[in-house]
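> Here's a sequence, model it:
(chains A and B)
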There are 2 protein chains.
Amino acid sequence: MTDLRLTPLAASLPSTVPFVGPEAQERARGAPFIARLGANESNFGPSPRALEAMAKADVWNYGDPENFDLREALAAHLNVAAANIMVGEGIDGLLGYIVRLFVGPGDHVVTSDGAYPTFSYHVAGYGGTLHKVPYIDDHEDPGTLFAKASETGAKLVYLANPDNPMGTWHSGAALARALDDLPDGCVLVLDEAYIECAPSGTAPDIPASDPRVIRLRTFSKVYGMAGARVGYAIAAPGVIDAFNKVRNHFGMNRAAQAGALAALGDPDHLRDTLGKIEGARTRIATIARDNGLTPMPSATNFVAIDCGGDGAFAKAVLDGLIARAIFVRMPFAAPQNRCIRVSCGTPSDLDAFAAALPGAIKDARGG
Amino acid sequence: MTDLRLTPLAASLPSTVPFVGPEAQERARGAPFIARLGANESNFGPSPRALEAMAKADVWNYGDPENFDLREALAAHLNVAAANIMVGEGIDGLLGYIVRLFVGPGDHVVTSDGAYPTFSYHVAGYGGTLHKVPYIDDHEDPGTLFAKASETGAKLVYLANPDNPMGTWHSGAALARALDDLPDGCVLVLDEAYIECAPSGTAPDIPASDPRVIRLRTFSKVYGMAGARVGYAIAAPGVIDAFNKVRNHFGMNRAAQAGALAALGDPDHLRDTLGKIEGARTRIATIARDNGLTPMPSATNFVAIDCGGDGAFAKAVLDGLIARAIFVRMPFAAPQNRCIRVSCGTPSDLDAFAAALPGAIKDARGG
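So this is what the prediction gives:
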């Protein structure tokens, strides 16, 4: 295939995956995990109403390419106009569309070193130049990000609030103030995948049509529907309309559309899940402390645990957990890679984690 | 939003949709369709095993980004290597990835005038130059396509066999012979969405790793899972590997992966569906003839019906059917747009079509 006539950009890209899936790790291990705590999925599951709606969906029909019902329901839920909402194949899919719309060779983009790798994957995939700034005290830092955007003339800046993989966050008020320093014409891609888990006031109080910001949310986390692939963007109508230039119009799974709509109509399940997340965060923190490790504060459905050493030590702890059939992940970049990242799980998931951790630490310390 | 800093290419694109969905038409009409015969979905539904597998899937988990189980099963089913298979979000999604990999501004692509518009949408979306050749006797014509590819130095040629929207086909042997005239380095994107409905021998007998061809198949048609979004490509390993440079690795719905796997394991349902499709094709042809119209031969799950006039007349017949709550579509380009296109439906779907057609024709003839 030496004569494959790919575009020069495509030819230059590696064949890669931003994350290796747990299924691939299970195949490599030759055994299943006993606790799945690595992908910040919701181990508490989706709303029964969502499951029922998905089972009832006419899957022989293509989904509605306009995502009309779901967009209307989201608009009502958020008290914005449907013209402010775009539904897509998870935040990953929407990030791809956003990068495609704004970024080509020669364009600059800013993110934090160690922030969500799928965003960086898309920037590379469309030929953009990615600039990375450090976390400050384990927080993605708007001031540093926006200063770098100004310096480079960036078209996009990526910021997750709350942050993944650290679980830290900024208040919405602080973020709104920081936006004054976003350079003219630069768009903030604000990933709010975990916003429902965060303290009240973490989402900035800015209009949906603020042209400076594209907000991204998802049914993959607290709604327990990661496998359904439903995310949405909140943005100015001109931005929303731009998605229609490039998106896969019939790309949404019809059952997923119905499931998300039903999930949105079950606030009791959401409340119940948020309670379980809070309980699990507390328990993970306790397990960490019981083992001499330091849990980070978290506004998400996971807890980053500072293992007290360097990246190699945290990786050894992680490997020990994997070897004990506990699926967890860890930050990619120093100094955040002194941590492992543990998703909220059910009591039995966390029992398994608690049972495995001491041995993993012991092994990491060389027995 | 006049200052939206889209790429020059994105800024030049219209906000469009290759097809208006039936749901949008229902909202515009203010009433539902009584027969859904416009999108070549399978009105006979998916395998009960697929439904059961989708209902049982752990939708709180992300799907396996490697699509390992489904690729292995498809490879066994087709007697090829898993390295020859890429699974994606429907043929539409795969077409987008293929165009992205091969086509940029300045690159040439060839298709037939009136062939699948989503392919053309993607070519425009990545800045390619699209050349259209005419159908010959209502068939997409490999000779004409490949000659145009030679003339333009095209990187890709698109051909659906069997064809959509006409339902016509070439034998696999004829197509394999025609490949001798495909210019060196040009890749044939062979859309076999309807291949299971076609006479034996319609698929060309070429190796899966033939570097000249990327074949595309789907669970949206005879498998009755259009809303699940599962398609796959069969190609040389180097091409398959290239998808990993750009695809949305976690884009597949987990339930859809499980459903497709189960569907593949239910050949009885497939056989039953193919029998129903054959019966429905015969009935649609009879209904057409009973109304003085001419059905085209079909190797698909739909029948193009020559309304005996020009495009405006066929459009009037189509409008009359829509007004009578029958969802159908029609070819876009002359002279194929003398036809309407009717998907195979259940007996009650076709009863409704048969009841509506005389009035639609009468209205089209001006009462």
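> Which residues belonging to the longest helix along chain A are considered buried?
Secondary structure of chain A read by DSSP state H shows that its longest helix is helix A:267-290. Along helix A:267-290, the positions that meet the burial threshold by neighbour count (16 or more other CB atoms under 10 Å in any protein chain shown) are A:His269, A:Leu270, A:Thr273, A:Lys276, A:Ile277, A:Ala280, A:Arg281, A:Arg283, A:Ile284, A:Ala285, A:Ile287, A:Ala288. C-beta: built from backbone N, CA, C; applies to glycine.
> can I get the residues you listed in CSV with distance to A:Pro65 and pLDDT?
Supplementary listing: the buried residues of helix A:267-290 in CSV, determined by distance: CB to CB, whole Å; pLDDT from 0 to 100:
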residue, distance to A:Pro65, pLDDT
A:His269, 28, 98
A:Leu270, 27, 98
A:Thr273, 30, 98
A:Lys276, 35, 98
A:Ile277, 34, 98
A:Ala280, 38, 98
A:Arg281, 39, 98
A:Arg283, 43, 98
A:Ile284, 41, 98
A:Ala285, 44, 98
A:Ile287, 46, 98
A:Ala288, 46, 98
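> Closest one to A:Asn40 out of these, please.
A:Ile277 (10.5 Å; CB to CB).
> My read is that that closest one contacts A:Cys344, right?
Yes - distance between A:Ile277 and A:Cys344: 4.8 Å, which falls inside the contact criterion (CB atoms under 8 Å).
> which residues are in contact with both of these two?
Taking CB atoms under 8 Å, 6 or more residues apart in numbering or on different chains as the contact rule, the neighbours common to A:Ile277 and A:Cys344 are A:Phe44, A:Asn301.
> With chain B as the reference, measure out to the residue most central in space within chain A.
Taking CA atoms, centre = their mean, the centroid of chain A lies closest to A:Ala193, which sits 5.2 Å from it. With the distance defined as CB to the nearest CB, to the nearest Å, A:Ala193 ends up 13 Å from chain B.
> Kindly reformat the buried residues of helix A:267-290 as CSV containing distance to B:Cys339.
Putting the buried residues of helix A:267-290 into CSV (distance: CB to CB, whole Å) gives the following:
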residue, distance to B:Cys339
A:His269, 49
A:Leu270, 50
A:Thr273, 52
A:Lys276, 57
A:Ile277, 56
A:Ala280, 59
A:Arg281, 61
A:Arg283, 65
A:Ile284, 63
A:Ala285, 67
A:Ile287, 67
A:Ala288, 68
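> Which of the residues you listed sits closest to chain B?
When these are compared for distance to chain B (CB to the nearest CB), A:Thr273 wins out at 10.5 Å.
> was I right about the closest one contacting A:Met225?
No - with contact defined as CB under 8 Å, A:Thr273 and A:Met225 do not form a contacting pair (11.4 Å).
> Name the nearest residue to A:Tyr158, sequence neighbours excluded.
In space, not counting the residues next to it along the chain, A:Tyr158 is nearest to A:Thr111; the distance is 4.3 Å by CB to CB, 6 or more residues apart in numbering or on different chains.
> Need the pLDDT of that neighbour.
We note a pLDDT of 98 for A:Thr111 in this prediction.
> distance of it from A:Leu95?
The spacing between A:Thr111 and A:Leu95, counted by CB to CB, to the nearest Å, is 11 Å.
> Show me the common contact partners of the two, please.
Applying CB under 8 Å, 6+ apart, one finds that A:Thr111 and A:Leu95 are jointly contacted by A:Phe119.
> What segments of chain A are strands?
Listed in chain order, the strands of chain A (DSSP state E) span residues A:35-36, A:85-88, A:108-112, A:129-133, A:156-160, A:187-191, A:213-218, A:231-234, A:294-295, A:302-306, A:326-327, A:339-343.
> out of those strands, deepest packed?
Of all the strands of chain A, strand A:339-343 carries the top mean neighbour count, a mean of 28, counting by mean count of other CB atoms under 10 Å in any protein chain shown.
> Please export the C-alpha coordinates of it as PDB.
Only the C-alpha atoms of strand A:339-343 are listed here, as PDB (Å, rounded to 0.1, in the frame of the first residue of the first chain):
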ATOM      1  CA  CYS A 339      -2.000  10.600  40.400                       C
ATOM      2  CA  ILE A 340      -4.300   7.700  39.400                       C
ATOM      3  CA  ARG A 341      -7.900   8.500  38.500                       C
ATOM      4  CA  VAL A 342     -10.700   6.400  39.900                       C
ATOM      5  CA  SER A 343     -14.300   6.600  38.700                       C
END
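> Tell me the predicted confidence for A:Ile214.
According to the prediction, A:Ile214 has pLDDT 98.
> hey, what's it bridged with?
A:Val189 (DSSP bridges).
> show me the contacts for it.
If you count contacts by CB under 8 Å, 6+ apart, A:Ile214 has them with A:Ile98, A:Val187, A:Leu188, A:Val189, A:Leu190, A:Ala233, A:Ile234, A:Ala235, A:Val239.
> OK, contacts around the nearest residue to the fifth one once chain neighbours are set aside?
The spatial neighbour of A:Leu190 that comes closest, neighbours along the chain excluded (CB to CB, 6+ apart), is A:Arg215 at 4.8 Å. A:Arg215 sits next to A:Leu190, A:Glu192, A:Ala233, A:Ile234, A:Ala235 when contact means CB under 8 Å, 6+ apart.
> repeat that for 6 Å
A:Arg215 sits next to A:Leu190, A:Glu192, A:Ile234 when contact means CB atoms under 6 Å, 6 or more residues apart in numbering or on different chains.
> Return the distance of the first one relative to chain B.
Right, the one you point to is A:Leu190. With the distance defined as CB to the nearest CB, A:Leu190 ends up 17 Å from chain B.
> Show me what the residue nearest to A:Tyr158 bridges to in the sheet.
Residues found in beta-bridge contact with A:Thr111 (criterion: DSSP bridges) are A:Lys132.
> now the residue nearest to A:Leu190: how far from chain B?
Summarising the geometry, the distance separating A:Arg215 from chain B, computed by CB to the nearest CB, is 16 Å.
> Please apply the same query to A:Asp268.
When distance is defined by CB to the nearest CB, A:Asp268 is 18 Å away from chain B.
> So which bits of stretch A:73-93 are buried?
In terms of neighbour count (16+ other CB under 10 Å), stretch A:73-93 has its buried residues at A:73-75, A:80, A:82-93.
> Point out the ones among those residues that are inside helices.
Per DSSP H, helices hold the following members of the buried residues of stretch A:73-93: A:Ala73, A:Leu74, A:Ala75, A:Gly90, A:Ile91, A:Asp92, A:Gly93.
> near chain B too, which of these?
Intersecting those with the surroundings of chain B, defined as CB under 6 Å from any CB of the partner chain, gives A:Asp92, A:Gly93.
> for the ones in helices among the buried residues of stretch A:73-93, which one is nearest B:Asp138?
Distance ranking of those against B:Asp138, using CB to CB, places A:Gly93 first at 36.9 Å.
> Nearest spatial neighbour of the closest one, chain-adjacent residues omitted?
B:Asn248 (5.3 Å).
> from what I can see that neighbour touches A:Ile91, true?
No - here B:Asn248 does not reach A:Ile91: they are 10.6 Å apart, not a contact under CB atoms under 6 Å.
> Make TSV from the ones in helices among the buried residues of stretch A:73-93 and add pLDDT to it.
Compiled in TSV, these are given as follows (pLDDT from 0 to 100):
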residue	pLDDT
A:Ala73	98
A:Leu74	98
A:Ala75	98
A:Gly90	98
A:Ile91	98
A:Asp92	98
A:Gly93	98
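> Of the ones in helices among the buried residues of stretch A:73-93, just say which sits nearest to A:Pro142.
Sorting those by how near they are to A:Pro142, with CB to CB, puts A:Ile91 at the top with 19.3 Å.
> Surely that closest one touches A:Gly231?
Yes - with the criterion set as CB under 6 Å, A:Ile91 and A:Gly231 qualify as a contacting pair; they are 4.1 Å apart.
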